[in-house]
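> Quick one, what's the 3D model for this:
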Amino acid sequence: MKKGVDNNDLKRIPRHVAIIMDGNGRWAKKRGLPRIQGHRQGVESVRAVVRAAGEVGVEYLTLYAFSVENWLRPKTEVKLLMEFLKRFLRDELAELQTNNVKLQAIGRLTDLPKDVQEELHRTILATSRNTGLTLILALSYSGRVELVEAVRSIVREVQSGHLDWAQIDETVIGHHLYTRYYPEPDLLIRTSGEMRLSNFLLWQLSYTELYVTQTLWPDFRKVQFLEALKDFSNRQRRYGKV
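Numbers count the residues shown, from 1 in each chain. The predicted structure is shown next:
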């Protein structure tokens, strides 16, 4: 019997995959380790999944890396996570370049520490000419905040006379979201078994296929990613039609 998934099992590759990377803390707790060890192993999973996504031809990969709510965690953990992010951006640049990955980011990026913002912009600029996978990091992100900011932006356009109320439709709203430059996700993967969206891409996930796995994020690597793609490739998407 064949073990694992290979490219022949993938009849259809999703153009855009979004992932809620959950379970770092539980992974560490199960092993009697500090939470930060879970985050450290989680970085290894990010590297493995980014490589795998590029190899099979996924065009866009959005990772829910840090939510607006995550700022409420203990200050020491937030500080370490920001240090991890800065180090990841610096250390992974060569890997991103080698694999032709273009880095982008969405969210309230000005909430990030100044030095992290600078490292993020450096990496985005350095990879801007790459033509392979587009890796989108959701940082200080909240789906509700994104919608509120979109509504405020639309109201300003109406008040300034650049937009008529009657013109507001789904397309206009989509053009005011952080994700206006990307297609909506075809597949959402959530690790750790939690059955909720956690304030992630609330507008964009309306017709997205969901895949929830009990695997904790630090254990989610290429094999598990390909299993999710295989599951997706066997589904029929109807978008509310028969």
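> Am I right that residue 162 is in a helix?
No - Residue 162 is assigned coil when assessed by DSSP: H, G, I helix; E, B strand; the rest coil, not a helix.
> Report how many residues lie close to it.
9 (other CB atoms under 10 Å). Using the backbone N, CA and C atoms, a C-beta is placed for each residue, glycine as well.
> what do you get for residue 156?
The burial count for residue 156: 12, using other CB under 10 Å.
> Helix, strand, or coil at it?
Going by three-state DSSP: residue 156 is helix.
> residues contacting it?
By CB atoms under 8 Å, 6 or more residues apart in numbering, no residues touch residue 156.
> quick one: buried residues of stretch 37-48?
Buried positions in stretch 37-48, judged by neighbour count with 16 or more other CB atoms under 10 Å: 37-43, 45-48.
> Is it possible to get a markdown table of those that adds pLDDT and secondary structure?
Listed next are the buried residues of stretch 37-48 as a markdown table, based on pLDDT from 0 to 100; DSSP: H, G, I helix; E, B strand; the rest coil:
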| residue | pLDDT | secondary structure |
| --- | --- | --- |
| 37 | 93 | helix |
| 38 | 95 | helix |
| 39 | 93 | helix |
| 40 | 92 | helix |
| 41 | 96 | helix |
| 42 | 96 | helix |
| 43 | 94 | helix |
| 45 | 97 | helix |
| 46 | 97 | helix |
| 47 | 96 | helix |
| 48 | 97 | helix |
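> so can I have CSV of those showing distance to residue 166?
Listed next are the buried residues of stretch 37-48 as CSV, based on distance: CB to CB, whole Å:
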residue, distance to residue 166
37, 55
38, 51
39, 48
40, 53
41, 52
42, 47
43, 48
45, 47
46, 44
47, 48
48, 49
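> Could you point out which of those is nearest to residue 79?
Minimum distance to residue 79 across the buried residues of stretch 37-48 is 12.0 Å, recorded for residue 39 (CB to CB).
> Next one: that closest one relative to residue 132, how far apart?
Distance, residue 39 to residue 132, by CB to CB, to the nearest Å: 26 Å.
> what's the answer for residue 38, then?
29 Å.
> got it, and residue 99?
Residue 99 is 6 Å from residue 132, by CB to CB.
> Please identify every residue contacting each of these two.
residue 54.
> and the two most separated of the buried residues of stretch 37-48?
Most distant of the buried residues of stretch 37-48, by CB to CB, are 37 and 48, 17.3 Å apart.
> what about the closest residue in space to residue 97 that isn't next to it in sequence, how many residues close to it?
Once flanking residues are discounted, residue 97 sits nearest to residue 127: 6.6 Å by CB to CB, 6 or more residues apart in numbering. Look at residue 127: counted by other CB under 10 Å, it has 21 neighbours.
> Which secondary structure element is home to the residue sitting nearest the centre point of the chain?
In the chain, the residue lying closest to the centroid (CA atoms, centre = their mean) is residue 63, at 1.9 Å. Following DSSP states H and E, one finds residue 63 within strand 60-67.
> following that strand, which helix or strand comes up?
Using DSSP H and E, the helix or strand that follows strand 60-67 towards the C-terminus is helix 75-91.
> What lies in contact with the helix or strand just after that following helix?
Using DSSP H and E, the helix or strand that directly follows helix 75-91 along the chain is helix 93-98. Helix 93-98 is contacted from outside by 47, 50, 101, 103, 123, 126-127, 130, 135, using CB under 8 Å, 6+ apart.
> farthest pair in the residues you listed?
47 and 126 (17.4 Å).
> Most remote residue from the middle of the protein, which is it?
residue 161 (35.0 Å).
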